[in-house]
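# any chance you could fold what I've pasted below:
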Amino acid sequence: MAQSMYLFLGESVTSMTVDGAGTSAPPFSASICLYAKHLVHLEKLVYRGTRGGLDDFISASGWKNLQNVEVEEISAESLRRLAHLPNLSSLTVSARGDSHVPDERKYQKAFHRHATIHYGFQSLRRLKIEAAHFEYLRTFLQYLSPYNPIQSIEFLTHLPSPTPEASCQDVLLAVAQYANPKALAYLRVGDATCFKSVPASSRKKVQDLVDISVLYDFKALKALTVHCEAGVRATPEDVSSVAEAWPNIETLDLCTTLSSPLPPYIDHSHLLEILGGCPSLRHLGLRFDAMKLSAYDVGTDAPRPVYAKLRKLSIGESPIDSPGLVMNFIKVYFPNLEALDMCYTRAMPEELETEAEGTEPPEPEVHQFDDMWDGIRESLGLGFDSDRI
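Numbers count the residues shown, from 1 in each chain. Coordinates of the predicted model:
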């Protein structure tokens with residue numbers, strides 16, 4: 001009776017969530033594929049289950065009206081079919097476990113078998129992927145035509161650190177190669193290490209700092225967030241280039257998610273330079289040296305432009321030695337600031353790292369910088385937004 005009712009209502013269904021965990025059973029697989037043939041007006045599909053079940057479901061219909069798809073695992077065959085749906089505008093893939101990671105060589109072989117793979121996703125505006133490896137993203141991006149309309153790309157990996165084979169830099173290079181500089185407005189790339197204790201020795205594995213200059217041609221960017229263990233290179237020269245490349249950007253968050261043994265290359269003056277060149281910024285995230293701030297910088301004789309649009313400042317592990325000066329600096333230049341974000345992964349002392357082997361690692365001690373920044377945040381009544389990734 002339930003199956004008959006479902007078939008009867010099928011043409012009126014526009015949104016559907018499928019639990020495909022049991023689709024390996026032939027009767028269930030056949031039934032759900034039969035349902036799919038009647039879902040001619042389906043616009044949103046959420047599919048939870050294996051690749052095999054998704055393959056059967058996707059191949060059962062033409063899905064001409066499908067606009068939004070969310071899946072956990074996806075095969076090359078299903079990806080090829082989705083790439084050629086005429087109205088698909090949003091695709092989310094949450095392959096969060098290592099068992100969900102595709103075999104890249106199998107994907108590549110599948111790509112070569114299907115010569116029409118290129119120039120798919122003609123209507124795709126938003127792509128969000130959560131996966132265990134950075135190279136996962138390229139699998140999807142290589143479907144895009146040079147004039148693709150995609151406006152938002154979000155890629156998050158839950159690996160504890162970048163690998164030599166594929167890193168955060170590779171993701172940016174892939175985006176620069178396949179995305180359309182005239183269309184892409186939102187880009188978020190990061191790992192999920194924030195608030196997790198990591199061994200101090202892991203800092204020795206950090207790759208070269210990530211170079212965001214590969215994205216300077218993307219003039220339409222409104223928001224760029226890059227969180228990775230390696231950290232983003234931010235020199236005075238980079239600051240000048242950023243202000244020139246993205247004058248209309250509203251969110252620029254480049255704070256590393258891992259405490260760094262290297263001092264920042266920039267200070268408070270470079271923050272003001274970016275804000276001067278990017279007057280629409282509402283969220284700025286950069287690690288900077290607040291110890292170079294002087295009484296002159298907040299005195300009446302100093303130039304005092306006001307950056308009233310800034311609402312959130314992310315500073316990570318920024319060195320500081322005079323909370324009073326920094327607090328006055330914030331009051332003077334950022335009068336409408338609402339949140340001060342200090343999130344980063346603190347390294348665990350090596351002696352604790354040795355003791356913690358085979359057990360749950362202890363939380364590292366709070367750094368003195370953290371105490372000072374936290375005092376500033378509390379004194380100014382600012383929020384602490386820790387949604388970093």
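# please count neighbours and contacts with C-alpha atoms only from this point.
Noted.
# quick check: Ala243 vs Gly383, distance?
Ala243 sits at a distance of 27 Å from Gly383 (criterion: C-alpha to C-alpha, to the nearest Å).
# then Leu209?
In terms of C-alpha to C-alpha, Leu209 sits 29 Å off from Gly383.
# and for Ala131?
Separation of Ala131 from Gly383 (C-alpha to C-alpha): 30 Å.
# settle it for me: which of the two has more neighbours?
Neighbours were counted for Ala131 and for Gly383 using other C-alpha atoms under 10 Å; Ala131 has more, 26 against 14.
# quick one: that one and Ser94 touch, right?
Yes. Taking C-alpha atoms under 8 Å as the definition, Ala131 is a contact partner of Ser94 at 6.4 Å.
# ends of stretch 147-154, what's the gap?
With C-alpha to C-alpha as the measure, stretch 147-154 spans 19 Å from end to end.
# again with stretch 275-293
Note: stretch 275-293 ends 17 Å apart using C-alpha to C-alpha.
# what average pLDDT does it get?
Per-residue pLDDT over stretch 275-293 has a mean of 95.
# equivalent analysis for stretch 184-204, please.
The average of the pLDDT scores along stretch 184-204 is 64.
# right, and Cys278 touches Ala245 too?
No. Cys278 is not in contact with Ala245 according to C-alpha under 8 Å; the separation is 9.3 Å.
# pLDDT weak spots in the stretch 251-389 of the chain?
Within the stretch 251-389 of the chain, the ranges that satisfy pLDDT under 70 run 257, 302, 345-367, 385-389.
# tell me where it has helices.
Ranges of helices within the stretch 251-389 of the chain are 268-277, 323-333, 350-355, 368-380, based on DSSP state H, counting those that start in this stretch.
# now those in JSON lines, with distance to Gly316?
Shown next, in JSON lines, are the helices of the stretch 251-389 of the chain (distance: least, C-alpha to C-alpha, whole Å):
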{"stretch": "helix 268-277", "distance to Gly316": "14"}
{"stretch": "helix 323-333", "distance to Gly316": "15"}
{"stretch": "helix 350-355", "distance to Gly316": "22"}
{"stretch": "helix 368-380", "distance to Gly316": "9"}
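# mind putting those in JSON lines, mean neighbour count and distance to Val18 included?
Shown next, in JSON lines, are the helices of the stretch 251-389 of the chain (neighbours: other C-alpha atoms under 10 Å; distance: least, C-alpha to C-alpha, whole Å):
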{"stretch": "helix 268-277", "mean neighbour count": "18", "distance to Val18": "47"}
{"stretch": "helix 323-333", "mean neighbour count": "18", "distance to Val18": "50"}
{"stretch": "helix 350-355", "mean neighbour count": "13", "distance to Val18": "44"}
{"stretch": "helix 368-380", "mean neighbour count": "16", "distance to Val18": "45"}
